[in-house]
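**Q** fold the following and give me the result.
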Amino acid sequence: MVIITLQRKKCIGCNYCVEVAPEQFQMSKKDGKSILLKSYERKGFFTLKEPDNAVYEQAQKAADLCPAKIISVKIK
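**A** Numbering: from 1, shown residues only. Model prediction:
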């Protein structure tokens with residue numbers, strides 16, 4: 001299982017995450033910040049638990065490219 005977490009309030013809207021992992025991220029037309037698709041929110045952190053480990057590589061690339069360092073990816 002892959003766990004992806006996004007601290008949306010700190011997003012600067014650079015769009016890198018969407019470019020490398022469009023299946024997990026998209027940009028909000030409302031405020032220009034990243035949205036972690038199919039996630040739930042708790043205390044400002046948006047989390048997605050994905051049972052398919054195939055998403056790990058793209059999600060990790062998004063985390064690595066994020067200049068604000070607000071994306072974390074873990075495998076459980």
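**Q** where do the strands sit along this structure?
**A** Listed in chain order, the strands of the chain (DSSP state E) span 2-7, 25-27, 34-36, 40-42, 45-50, 71-75.
**Q** just these: most buried one?
**A** For these, the largest average neighbour count (mean count of other C-beta atoms under 10 Å) is found in strand 34-36, namely a mean of 24. In short, each C-beta sits where N, CA and C put it, glycine included.
**Q** counting by contacts, list what it packs against.
**A** strand 2-7, strand 25-27, strand 45-50 (3 or more C-beta pairs under 8 Å, 6 or more residues apart in numbering; DSSP states H and E).
**Q** cutoff 10 Å now
**A** Where contact means 3 or more C-beta pairs under 10 Å, 6 or more residues apart in numbering; DSSP states H and E, strand 34-36 is packed against strand 2-7, helix 16-20, strand 25-27, strand 45-50, helix 56-65.
**Q** mean pLDDT added to the strands of the chain, as JSON lines?
**A** Listed next are these as JSON lines, based on pLDDT from 0 to 100:
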{"stretch": "strand 2-7", "mean pLDDT": "98"}
{"stretch": "strand 25-27", "mean pLDDT": "97"}
{"stretch": "strand 34-36", "mean pLDDT": "97"}
{"stretch": "strand 40-42", "mean pLDDT": "97"}
{"stretch": "strand 45-50", "mean pLDDT": "97"}
{"stretch": "strand 71-75", "mean pLDDT": "97"}
